[in-house]
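Q: following is a predicted model, sequence given first.
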Amino acid sequence: MQVIDSHVHLYPPDLNADPAAWAALRGETHWAKLCTRRRKDGTAVQGFPSVEELLREMDRAGVERAVLLGWYWEQAETCAWQNRFYGRCVQQHPDRLLAYATLHPGAGHWPTLGEMHRARDEGLVGIGELSPHSQGYGVDDPVLREVLTLAADWKMPVNFHVTDPAGRDYPGRVATPLGDFARLAQAFPKTKFTLAHWGGLLPLVDREARELSNLYYDTAASPLLYESDIWGRFAAALPPGRVLFGSDYPLNVYPQLAVAPEMTRLIAEARAAGAGDGVMRENALRLMTR
Ligand SMILES: [Zn+2]
């Protein structure tokens, strides 16, 4: 059975050529802190593959399709720039790649909604990865609320970056209070939310959130955050259909075991921990085609 990887990041060649210099020029210091960092042993936290290299990694790992998520940029111009790149990626590889549009509601009503229209016209199918807490607007921001309403009308899922309040610290980590996401899901019942990184364990610690049927969770960066019993804990706590396999490629999620990012090992971990075709493929298809 083929796999859909619901959480992948990709960048244009001009960023890949010199990520740190690019970030300094564009005013994307938070991204640089997270993504151009080296670990204590000198290895890079992530790679910067081209679209062709991503497709080759997908072939190696048996990944039929990848969902490209935008980054939660600090500048609205960078969001638009990445959305245009993703538009070209999905037009060139419609059988292998899907993409979400990223936005900065701080840009204001018309720029943000206009960008959302343009991204949809270019074939993007969701919104995210957003992080109000990192991008500097509130979860009650009026423009964000318009985005969430329009996303429901257009049946576009919205992906939020979530950190576990009990998780370990890492450079550039920004706290994202879990109650904020539960409140958004309650306030926008027709909007489908995917909370990245197992939603910071929200459904395990909050019974009400567990019952919200518009909350989905992806598994991005799982080995960096949790032991492999996490797959079973979510399977036991949630009704079927609510977890989507996502790797966070090209982040190296097994730095102790691998020198470069790859998808195969996490797929093997997921399957060994009991993840079935729902988590590995069908839940993503249902979320994005409904
Ligand atoms: Zn991500």
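A: Looks like it arrived, so ask away.
Q: what is the end-to-end distance of stretch 87-104?
A: Stretch 87-104 has an end-to-end distance of 18 Å (criterion: CA to CA, to the nearest Å).
Q: can you pull out the strands in the protein?
A: Secondary structure of the chain, counting by DSSP state E: strands at 3-8, 63-68, 97-101, 126-130, 158-160, 193-195, 215-218, 243-244.
Q: pipe these into CSV and attach distance to residue 273 per row.
A: The way it works is simple: take the backbone N, C-alpha and C, and place the C-beta from them, glycine included. Shown next, in CSV, are those (distance: least, CB to CB, whole Å):
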stretch, distance to residue 273
strand 3-8, 14
strand 63-68, 18
strand 97-101, 25
strand 126-130, 24
strand 158-160, 23
strand 193-195, 19
strand 215-218, 15
strand 243-244, 11
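Q: got those strands as JSON lines, with distance to residue 257, mean pLDDT and mean neighbour count columns?
A: Below are the strands of the chain laid out as JSON lines (distance: least, CB to CB, whole Å; pLDDT from 0 to 100; neighbours: other CB atoms under 10 Å):
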{"stretch": "strand 3-8", "distance to residue 257": "19", "mean pLDDT": "98", "mean neighbour count": "27"}
{"stretch": "strand 63-68", "distance to residue 257": "19", "mean pLDDT": "98", "mean neighbour count": "23"}
{"stretch": "strand 97-101", "distance to residue 257": "27", "mean pLDDT": "98", "mean neighbour count": "26"}
{"stretch": "strand 126-130", "distance to residue 257": "25", "mean pLDDT": "98", "mean neighbour count": "27"}
{"stretch": "strand 158-160", "distance to residue 257": "27", "mean pLDDT": "98", "mean neighbour count": "26"}
{"stretch": "strand 193-195", "distance to residue 257": "27", "mean pLDDT": "98", "mean neighbour count": "27"}
{"stretch": "strand 215-218", "distance to residue 257": "22", "mean pLDDT": "98", "mean neighbour count": "25"}
{"stretch": "strand 243-244", "distance to residue 257": "24", "mean pLDDT": "98", "mean neighbour count": "28"}
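Q: mind checking which of those is nearest residue 187?
A: strand 193-195 (10.8 Å; CB to CB).
Q: what sits against residue 37?
A: 44, 45, 171, 172 (CB atoms under 8 Å, 6 or more residues apart in numbering).
Q: my read is that residue 195 contacts residue 215, right?
A: Yes. Residue 195 is within contact range of residue 215, at 6.4 Å (criterion: CB atoms under 8 Å).
Q: what residues are shared contacts of these two?
A: With CB under 8 Å, 6+ apart, residue 195 and residue 215 have common neighbours 181, 202.
Q: that older thread, specify which member of the contacts of residue 37 is nearest to residue 59.
A: With CB to CB as the yardstick, the closest approach to residue 59 among the contacts of residue 37 comes from residue 44, at 22.9 Å.
Q: just give the nearest non-adjacent residue to the closest one, would you?
A: residue 38 (5.7 Å; CB to CB, 6 or more residues apart in numbering).
Q: what bridges to residue 130?
A: residue 160 (DSSP bridges).
Q: that one contacts residue 159, doesn't it?
A: Yes. Applying CB under 8 Å, one finds residue 130 in contact with residue 159, separated by 7.0 Å.
Q: picking that back up, in ChimeraX, select just the buried ones from the contacts of residue 37.
A: Here is the ChimeraX selection string for the buried members of the contacts of residue 37, based on 16 or more other CB atoms under 10 Å:
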select :44,45
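Q: the contacts of residue 37: which two are farthest apart?
A: Greatest spatial distance among those (CB to CB): 44 and 172, at 14.6 Å.
Q: need phi/psi at the residue lying closest to residue 120 once chain neighbours are set aside.
A: Closest residue in space to residue 120, ignoring its immediate chain neighbours: residue 154 at 6.4 Å, by CB to CB, 6+ apart. Phi and psi for residue 154, reported as degrees, to the nearest 10, are phi -90, psi 0.
Q: how many neighbours does residue 154 have?
A: Close neighbours of residue 154, defined as other CB atoms under 10 Å, add up to 13.
Q: that one contacts residue 121, correct?
A: No. Assessed by CB under 8 Å, residue 154 is found out of contact with residue 121, at 11.4 Å.
Q: next up, the contacts around residue 33.
A: By CB under 8 Å, 6+ apart, the residues touching residue 33 are 171, 172.
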